[in-house]
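A.B. asks: structure of the sequence below:
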Amino acid sequence: MQIVVKLQDELYGLALRFTGNSEKSKEAVIKAFNKILKSYHSDSSETRVELYKNLLNNIGFFSISKKNLDKSGFVNIVKHSLGVFDKKVFVLKYEADFRVNEISYILSSSSEKIKKSLLKSTKRVADALKDLGNEM
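C.D. replies: Predicted coordinates for the structure are as follows:
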C-alpha cells in the first residue's frame, strides 16, 4: 500500500506540473490508477511505468502556460526551451528517472525518437543556460 501512496503523490505532482490544474490532475491520476489496477502487475517498476503511461494518456497533449511555471530558473529554462514532446521526454528522464526504453513505452514512441529528443533537449537547455550565464 505504501507504494500506491508514493506513486499517487508522484503522479499527481507530475500531472499538476503539466496541466497547472488541480482538478484535472486529480482526475487524470484516478483514471490512470483505475485502468492499471484492472490489470494489476506484481512488479512495482512495471506498475510505475504503466501508471505514467496511463497518466500521460489521460492528460493528453497539454501546454504549459507561463502562469503555471515553477519559480526555479532551471525549470523555467527547460519549459521555455522545449516543445511539448521534448518536455515530456525531459521530465520523464531527468525528473522521474525512467530509462529510454521505458519512456519509449510510456509515450508510444521509438527509442530512437526518444534518444534524439534527449540529445536535442540537452543541447537546447545547455544553450539556454549559456545565454543565462552571459546575461549575469
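A.B. asks: lowest confidence element among the helices and strands of the protein?
C.D. replies: One helix or strand of the chain scores below all others by mean pLDDT, DSSP states H and E: helix 73-81, with a mean of 65.
A.B. asks: helices and strands around the longest helix seen in the chain, which ones?
C.D. replies: Longest helix in the chain, counting residues (DSSP state H): helix 111-135. Applying 3 or more CB pairs under 8 Å, 6 or more residues apart in numbering; DSSP states H and E, one finds that helix 111-135 contacts helix 73-81, helix 84-94, helix 100-106. C-beta here means a position set from N, CA and C on the backbone, and glycine is covered the same way.
A.B. asks: save the ones you listed as JSON lines, and put in distance to residue 121 and mean neighbour count too.
C.D. replies: What follows is the helices and strands packed on helix 111-135, written out as JSON lines (distance: least, CB to CB, whole Å; neighbours: other CB atoms under 10 Å):
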{"stretch": "helix 73-81", "distance to residue 121": "8", "mean neighbour count": "16"}
{"stretch": "helix 84-94", "distance to residue 121": "5", "mean neighbour count": "20"}
{"stretch": "helix 100-106", "distance to residue 121": "12", "mean neighbour count": "19"}
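A.B. asks: quick check on residue 109: phi, psi?
C.D. replies: Taking degrees, to the nearest 10, you get phi -140, psi 160 for the backbone angles of residue 109.
A.B. asks: swap in residue 98?
C.D. replies: Here is the backbone geometry of residue 98 (degrees, to the nearest 10): phi -90, psi 150.
A.B. asks: looks like it contacts residue 91 (just checking).
C.D. replies: No. With contacts counted by CB atoms under 8 Å, residue 98 stays clear of residue 91, the gap being 9.5 Å.
A.B. asks: go through the helices and strands packed on helix 111-135 and name the closest to residue 127.
C.D. replies: Closest approach to residue 127 among these (CB to CB): helix 73-81, 7.7 Å.
A.B. asks: which is the next helix or strand following the helix or strand hosting residue 23?
C.D. replies: Per DSSP states H and E, residue 23 falls inside helix 22-38. Downstream of helix 22-38, the next assigned helix or strand under DSSP H and E is helix 44-59.
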